[in-house]
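Engineer: sequence and predicted structure below; questions after.
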Amino acid sequence: MVQKINNKKSFSLKFDLLTGLSPGAISKKRLLSDMKGMYYDKDAYEKIVVEKDAVVYEFYDLNINPNPENLSFGTTILYPGKVGDEYYMTKGHFHDELNTAEIYYCLRGFGYLLMEDQQGRTEIQEFKPSISVYVPPGFAHRSINTSNDEPLITFFVYRADAGHDYKTIEEKGFRKLIIEKGGQPTIIDNPKWNIQKTRR
Ligand code: S6P
Ligand code: ZN
């Protein structure tokens, strides 16, 4: 949406249960080329991005006034696919306002929400239709689609002034990854996790 949403007025917005898309808002798209450095298999990434710069996911970032009393919400549509043996995923981020939580609700598909705090504690919750997930304050979060053929569609709600810190994850990555091994989603230690750099 181009205009700031007036938080003194109610409004409603449709999100399609099958596609996750909203006819009333404009989604932000992240292509493979926007994901440089996020996948651990650099060679597989370089190869696939040249072949076809596919859309990995799209999501809504409504223009809600960023005040602590307001909430922002929308859907994320994470398409199925892999880079090497690593499933399509969102970039993942901490909130700038670190102590703000978030709620996800899975509308369609299968996957995981990977979470990690600054002390290195990892939390992983499974996504399947009708499951809601609470992201505690202070945890970076990344969605991962483990289906071969179905989009992972989630609805999210968070404090409108939370802000997004992408830099930390771009520089360090998550400590854990979820990859396909023997046909199954498998949690591994991130071989590229960068212990040298600290947040902020
Ligand atoms: C916002 C919330 C989601 C993500 C979206 C895309 O706090 O967690 O809307 O923005 O799933 O992921 P990312 O990591 O690219 O923002
Ligand atoms: Zn978030």
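Structural biologist: The structure has been received and is ready for your questions. Numbering: from 1, shown residues only. Ligands and ions are numbered 1, 2, ... in the order given.

Engineer: element containing Tyr45?
Structural biologist: helix 42-51 (DSSP states H and E).

Engineer: average pLDDT across that helix?
Structural biologist: Across helix 42-51, the average pLDDT comes to 97.

Engineer: now stretch 24-32
Structural biologist: 96.

Engineer: distance from that stretch to the middle of the chain?
Structural biologist: Relative to its parent chain, stretch 24-32 has a centroid offset of 13 Å by Cα atoms, centre = their mean, to the nearest Å.

Engineer: now do the end-to-end distance for it.
Structural biologist: End-to-end distance for stretch 24-32: 26 Å, by Cα to Cα, to the nearest Å.

Engineer: stretch 100-112 too?
Structural biologist: Stretch 100-112 has its terminal residues 20 Å apart, counting by Cα to Cα.

Engineer: same check, this time on stretch 143-155
Structural biologist: Termini of stretch 143-155 sit 12 Å apart (Cα to Cα).

Engineer: with stretch 35-46 instead?
Structural biologist: Stretch 35-46 has an end-to-end distance of 11 Å (Cα to Cα).

Engineer: does it reach ligand 1?
Structural biologist: No - judged by Cβ under 6 Å from any ligand atom, stretch 35-46 stays clear of ligand 1, getting no closer than 9.3 Å. Backbone N, C-alpha and C define where each C-beta goes, glycine included.

Engineer: contact residues of this protein facing ligand 1?
Structural biologist: With Cβ under 6 Å from any ligand atom as the criterion, the chain meets ligand 1 at residues 30, 59, 76, 90-93, 102, 141, 143, 156, 158, 164.

Engineer: separate out the buried members of those residues.
Structural biologist: Buried members of the residues of the chain next to ligand 1, scored by 16 or more other Cβ atoms under 10 Å, are 30, 59, 76, 90-93, 102, 141, 143, 156, 158.

Engineer: follow-up on the earlier one: name the helices or strands packed onto the helix holding Tyr45?
Structural biologist: The contact analysis (3 or more Cβ pairs under 8 Å, 6 or more residues apart in numbering; DSSP states H and E) places helix 42-51 against strand 82-83.

Engineer: tell me where the model's unsure across the chain.
Structural biologist: 1-7, 195-200 (pLDDT under 70).

Engineer: for it, which segments count as helices?
Structural biologist: Taking DSSP state H, the helices of the chain run over residues 42-51, 167-172.

Engineer: point out the most buried one among those.
Structural biologist: helix 167-172 (a mean of 16; mean count of other Cβ atoms under 10 Å).

Engineer: pull the contacting residues for Tyr105.
Structural biologist: Taking Cβ atoms under 8 Å, 6 or more residues apart in numbering, we find Tyr105 in contact with 131-133, 154-156.

Engineer: run the last query once more with 10 Å
Structural biologist: 75, 127, 129-133, 153-157 (Cβ atoms under 10 Å, 6 or more residues apart in numbering).

Engineer: out of these, which is most surrounded?
Structural biologist: Within those, Thr154 tops the neighbour count with 28 neighbours, counted by other Cβ atoms under 10 Å.
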